[in-house]
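Participant: let me see the structure of the following:
(chains A and B, ligands or ions: 3)
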Amino acid sequence: MRIGVYICHCGGNISDIVNIGEAVEFAKKQKDVVLVRDNGHICSNEGQMLVLSDIREFKLDKIVIAACSPSFQGQTFMKMMERAGLNPYVLEMANIREQCSWAHINYPEEATEKAKDLTNIAISKVRLDTPLSKAKMPIGKRVLVIGGGIAGIQAALDLGDAGFKVYLVEEKPTIGGHMAQLSKTFPTEDCSACILSPKMSDVAAHPNIELLTYSEVIAISGYLGNYNAKIKIKPTYVDPSKCTCCGDCSEVCPVDVPNEFNEGLSFRKAIYIPTDIAVPHSFTLDIENCLGLLPLACAKCRDACDAKAINYDQYEKTMDITVDTIIVATGFDIFNPAEKPVFGFGKYENVLTALQLERLVEHEESGKNLVDIGNKIAFIQCVGSRDEQIKKEYCSRVCCMYATKLAQLLKRNRPERDIYIFYTDLRAYGKGFEEYYKRAQKNGVKYIRGRTAEIQENPKNKKLILKVEDTLTRSLIEGEFDTVILSTGMVPSEGTKKIRDILRIGRTTDGFLAEAHPKFKPVDTLTEGIFLAGTVQGPKDIPDTVAQASAAAARAIRLMNKGEYEAEPITASIDEELCAGCGVCISVCPYDAIAFEAEGARKFAKVNEMLCKGCGSCAGSCPSGAAQQKWFNTEQIKEMLRAIL
Amino acid sequence: MSKKIILDKESAEFTKKIIELSGEIVTLCEQCGTCSGGCPMCDKAETSPSLMMRMAALGQKEILGSDIIWYCASCYTCTVRCPRGIDISKVAEALRQIILRDSVNRIDLSKLTPAELEKLPQIALVAALRKMTG
Ligand SMILES: Cc1cc2nc3c(=O)[nH]c(=O)nc-3n(C[C@H](O)[C@H](O)[C@H](O)COP(=O)(O)OP(=O)(O)OC[C@H]3O[C@@H](n4cnc5c(N)ncnc54)[C@H](O)[C@@H]3O)c2cc1C
Ligand code: SF4
Ligand code: SF4
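Facilitator: Numbering: from 1, shown residues only, chains lettered A, B, ... in the order given. Ligands and ions are numbered 1, 2, ... in the order given. Model (predicted):
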């Protein structure tokens, strides 16, 4: 055995703290090590060429790289091994950057000792590493996109255009998500519905997209290339191919329901169409609010419908589909401002959310006022964002700009309006944002730097008094406002929480779903073949959402396009002879990857390597030592421990 | 002319001392003004709580001469609202302690006239004599 050890300086990141010379001398003394070198950046092309030529010249057959985290550059070095004609699994990395020089920045001696230990562990492990091969698996071209907001729409269209079969599942009666509710979009002020509705109809007309609205994914099992999804389809009691959207049915319906599309500012009927741009373009009978079909309590809508589109004999259906990859685009909900009682939302009638204002502004523009909100208007920023008191530390990223937009639209509708935006910090980070902010200031929108402590209502005239300091002059603001708009932040949607449990994917501390790597894998998840698009991953605006959706589509295509993929070989395996059939492994496996198989009267556990994620739970719990984790077998772990004990 | 803020070793030390005494990392303050907006004493005091926090973060000793630290009634309104989770009343208490630890006799009881004693609120007298208790 001829092991080569490389110790990286990482351009000072490591060598400023860890004594490289000492680490090199230490590594030279280890058994089977024939060559030790240090280098400024081993990951650079030059560094890799050095290793490649050493492998040839010194006939190295195993390599240890003491550098950064393998989750950062592991892939780079594994590819390098392939170029050298060596198996990528006879390579080990010792993480002496994140775990030594960075973690122990003030303790150089201890950091050096730890670096030597970690290098020694890697050498001990590599001695027992054996080549592993990646199985080639067939993969098809079917994708499940969950959530039909702009993220899901964009991903579905990109995939459909590229020739992939898409199932787009949306829980509401129409696709479009929050973008369909917006008036205009910052910073260009395109009309939201006008730019969204063509994309929505493209989805409906696309030969490669199967649209399933009013539907929910209720179970998913399987793995990359073979995910099985169970989808529940709710009845709408209206046949979209016959419905002409004349509205005669809702005309006669006696039931009034708060209109969720208008954020409760108006009413709809129990049979309704959420918006003029709804896709599918058809009415839906909302059974929760209907007077009743079983027994038939009213039936006015059916009688009114000339097109005979209404059919009460519809029932919930389920559909089973098999797909190769999944894109999760279940979006966000707005923060519920009732969680901050100091702002009196729900108590004071003139306190509204920004999303309500989006609906108001759109109606105001077309002359169909929902409510008159007066002329003196205050926006309160960061409601539900950047606030430790409600455990929301993050910035929601869109509120500064949407307030800037809404303020200008309000002024355009009525130039005499007086508008104040109370902010903590104004974040105008995106392309064209700073210019847009400046334009609002030029148009007379007043920005006041202070976070509102509370709102009080004048009981006589229902006007609102803000308790807030202008932090720039250190003066308290006095004065009454007709309306206060709460710029509520984004929180992970309820639908996201459901899907997270079904797919068992992780989340970050903010509650949004976690990407596999914040820099290099921003739309992947840690589960192969499952991707994230849009606000499901964290607050973002429409341009970023669309970019991420296209990225998720591209990453999914990358896996499926070749028709086969290489499966990760680090899985568990169970020795049939040793297995006592106790079933402990089955109970601990978090991925349901182990099942019993029988041979005559004897039963033993068997790992489905496609489902196994290599977590090692079974290997750690098997009482007879039959379950072993490839690349981390018991003997290897013992050797790694011996190296430092 | 604008006031000058001197940033030197002394100011850095002063900030450190406030942090040690209060247990609150005053440099976390993002100057949002929530504390001042809700403070029931803010319209009486010359200095607002958020300005007190700023001066503490920059280590400016003049804050010891401000009235807000004595107006502060430790009602905790600021503390339960601060979006950065800072206990601002603890900072005010730390500043009061710094002054009290000097153990200077602020008033000489024997020199107070009966008329003054009549007028002075009890709490003011107690506070004035609260040396060596910090
Ligand atoms: C008041 C306000 C104003 C804004 N203004 C602007 C602006 O001017 N410009 C701009 O760029 N951005 C703006 N934004 C941000 C913009 O709304 C978002 O960037 C965008 O809507 C995100 O799209 P999405 O597809 O990620 O999420 P969503 O729009 O939330 O879509 C998610 C979809 O998934 C569906 N869904 C959820 N769970 C499930 C489930 N389990 N199964 C099936 N379907 C599910 C939902 O019904 C929804 O249709 C604004 C946001 C707000 C709150
Ligand atoms: S059955 Fe009656 S109540 Fe129900 S949707 Fe039809 S008209 Fe409305
Ligand atoms: S509320 Fe907290 S963060 Fe805001 S100014 Fe006061 S101390 Fe600073």
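Participant: looking at it, A:N608 is touching A:I594, isn't it?
Facilitator: Yes - here A:N608 reaches A:I594: they are 7.4 Å apart, a contact under CB atoms under 8 Å. C-betas here are computed from N, CA, C, even on glycine.
Participant: neighbour count for the two, which is higher?
Facilitator: Remark: of A:N608 and A:I594, A:I594 carries more neighbours, 23 against 15, as counted by other CB atoms under 10 Å in any protein chain shown.
Participant: report the beta-bridge partner residues of that one.
Facilitator: A:V607 (DSSP bridges).
Participant: and A:M319, by the same measure?
Facilitator: Applying DSSP bridges to A:M319 gives these bridge partners: A:I231.
Participant: hmm, A:I231 and it touching each other?
Facilitator: Yes - assessed by CB under 8 Å, A:M319 is found in contact with A:I231 at 4.7 Å.
Participant: now list whatever residues contact both of those two.
Facilitator: Applying CB atoms under 8 Å, 6 or more residues apart in numbering or on different chains, one finds that A:M319 and A:I231 are jointly contacted by A:L212.
Participant: please identify which of these two sits among more neighbours.
Facilitator: Counted by other CB under 10 Å, A:M319 and A:I231 do not tie: A:I231 has more neighbours, with 20 against 14.
Participant: listing request: residues of chain B with sub-threshold pLDDT.
Facilitator: Within chain B, the stretches with pLDDT under 70 are B:1, B:103-106, B:123, B:127, B:130-134.
Participant: show the backbone phi and psi for A:V323.
Facilitator: Main-chain dihedrals, A:V323, degrees, to the nearest 10: phi -130, psi 170.
Participant: residue contacts, it?
Facilitator: A:V323 makes contacts with A:R142, A:V143, A:L144, A:Y167, A:Y227, A:A229, as judged by CB under 8 Å, 6+ apart.
Participant: that one bridge partners, please.
Facilitator: A:Y227.
Participant: where do the strands sit along the stretch 151-300 of chain A?
Facilitator: Ranges of strands within the stretch 151-300 of chain A are A:165-169, A:184-185, A:190-191, A:209-212, A:215-223, A:226-233, A:256-258, A:267-269, A:271-272, A:284-285, based on DSSP state E, counting those that start in this stretch.
Participant: mind listing what the second one pairs with, with the direction of each?
Facilitator: So that's strand A:184-185. According to DSSP bridges, strand A:184-185 has the following sheet partners: strand A:190-191 (antiparallel).
Participant: name the residues that touch the partner strand?
Facilitator: Taking CB under 8 Å, 6+ apart as the rule, strand A:190-191 contacts A:S183, A:K184.
Participant: if we can go back for a sec, closest to ligand 3 among the contacts of A:V323?
Facilitator: Closest approach to ligand 3 among these (CB to the nearest ligand atom): A:L144, at 44.3 Å.
Participant: mind checking the SS state of the closest one?
Facilitator: At A:L144 the chain is in strand, as set by DSSP: H, G, I helix; E, B strand; the rest coil.
Participant: the closest residue in space to it that isn't next to it in sequence and ligand 3: what is the separation?
Facilitator: Leaving aside its sequence neighbours, A:L144 sits nearest to A:V323 (CB to CB, 6 or more residues apart in numbering or on different chains; 4.4 Å). Distance, A:V323 to ligand 3, by CB to the nearest ligand atom, to the nearest Å: 48 Å.
Participant: give me the outermost residue of chain B relative to its centroid.
Facilitator: B:P114 (30.0 Å; CA atoms, centre = their mean).
Participant: and the gap between the residue nearest to B:D43 when sequence neighbours are not counted and A:D333?
Facilitator: Nearest residue to B:D43 in three dimensions, chain neighbours excluded: A:L476, at 6.0 Å (CB to CB, 6+ apart). A:L476 sits 34 Å away from A:D333, going by CB to CB, to the nearest Å.
Participant: so for stretch A:44-54, mean pLDDT?
Facilitator: For stretch A:44-54, the mean per-residue pLDDT is 96.
Participant: if we go by neighbour counts, what in it is buried?
Facilitator: A:G47, A:Q48, A:V51, A:L52, A:D54 (16 or more other CB atoms under 10 Å in any protein chain shown).
Participant: and residue 68, how many neighbours?
Facilitator: Let's take chain A. Here the number of neighbours of A:C68 (other CB under 10 Å) works out to 24.
Participant: let me rephrase: I mean chain B.
Facilitator: B:I68 has 23 nearby residues by other CB under 10 Å.
Participant: same check on A:A205?
Facilitator: If we define neighbours as other CB under 10 Å, then A:A205 has 10 of them.
Participant: for it, give me the pLDDT.
Facilitator: 97.
Participant: before we move on, what about A:A605?
Facilitator: pLDDT at A:A605 comes out at 94.
Participant: who touches the helix or strand harbouring it?
Facilitator: Under the criterion of DSSP states H and E, A:A605 resides in strand A:602-607. Strand A:602-607 has contacts (CB under 8 Å, 6+ apart) with A:571-574, A:576, A:579, A:581, A:583, A:585-586, A:593-598, A:618, A:626-627.
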